[in-house]
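Asker: Here's a sequence, model it:
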Amino acid sequence: MKSKVKTILQSEEPVLREIAKEVDLKNIKTPKVVKMLKDMSEALDSQYDGVAIAAPQIGYSYRIFLVSGKIFEKSFIRGKKTENTEHVKNLVFINPVITKLSKEKDWVPEGCLSVRPVYGKTYRAKKATVEAYDEEGNKFSRGGSGLLAQIFQHETDHLNGILFIDHAKELRIEDLP
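Answerer: Numbers count the residues shown, from 1 in each chain. Model (predicted):
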C-alpha cells in the first residue's frame, strides 16, 4: 500500500514557530526517524519547485532538514520544471549547526513551501558551512555557496521557529504555475 504524502504545513501552524528538538543520535536508525526522513523526502519530491524541507514543515518538531538532490543535477533551473535525465539523492542533515558564514552577504530572492505563494528578498551570507549527521549517523561537514548557502540558512531558521517572511523585504504574491 502506497503511503499518503504528508501535507506541507502553512505559516499559521504553531509547530513552525517552535524551536525543534535535537534527534538523539542513538535513534537515527530507528523506525520513527526512518519514517520521518521518508515522509520528508516524499513531501519535498512532490513539490516541483521545492529545493529543501525542514521536519517542522510536515509536523515533526525535530532538527532535521533535507536538501533536494535536484539542485545538483545539470538540468536544474531554479523554480522551473525541467526534464531530469539523472537523479541525485536528497541530502539529509540531522542536528545541523551552521559553523561558518561568510561576511559577504546579499539580498536574494526567496520563497517557502510553508508560505505559499509569498516571495520576497532576504539578506543571506553568500557562503555557509554546516556540520550535521547523515541518515547513517555519520557526522559530516558541508560547505556551500549561492543557493546551497541560502538553503542552509533558510532551513536552519525553520528549526529555530523563524520563517523567511520574518526578515524579508519586498514581499509579494506570485501565482504558481
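Asker: Going by neighbour count, which residues in stretch 16-28 are buried?
Answerer: 16, 20, 23, 28 (16 or more other Cβ atoms under 10 Å). (Each C-beta comes from the backbone N, C-alpha and C, glycine too.)
Asker: Including pLDDT and secondary structure, could the residues you listed go into JSON lines?
Answerer: Below are those laid out as JSON lines (pLDDT from 0 to 100; DSSP: H, G, I helix; E, B strand; the rest coil):
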{"residue": "16", "pLDDT": "98", "secondary structure": "helix"}
{"residue": "20", "pLDDT": "98", "secondary structure": "coil"}
{"residue": "23", "pLDDT": "98", "secondary structure": "coil"}
{"residue": "28", "pLDDT": "96", "secondary structure": "coil"}
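Asker: Turn the residues you listed into CSV, including distance to residue 126.
Answerer: CSV is the format used below for the buried residues of stretch 16-28 (distance: Cβ to Cβ, whole Å):
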residue, distance to residue 126
16, 26
20, 26
23, 29
28, 31
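Asker: List just the nearest of those residues to residue 128.
Answerer: Nearest to residue 128 out of the buried residues of stretch 16-28 is residue 20 (Cβ to Cβ; 18.5 Å).
Asker: so that closest one touches residue 59, yeah?
Answerer: No - taking contacts as Cβ atoms under 8 Å, residue 20 lies outside contact range of residue 59: 11.2 Å.
Asker: Longest helix in this protein, please.
Answerer: Among the segments of the chain that qualify as a helix by DSSP state H, the longest is helix 31-45.
Asker: Show me what whichever helix or strand comes after that one is packed up against.
Answerer: Next along the chain after helix 31-45, taking DSSP states H and E as the criterion, comes strand 52-54. On a contact count with 3 or more Cβ pairs under 8 Å, 6 or more residues apart in numbering; DSSP states H and E, strand 52-54 meets helix 31-45, strand 64-67, helix 147-159.
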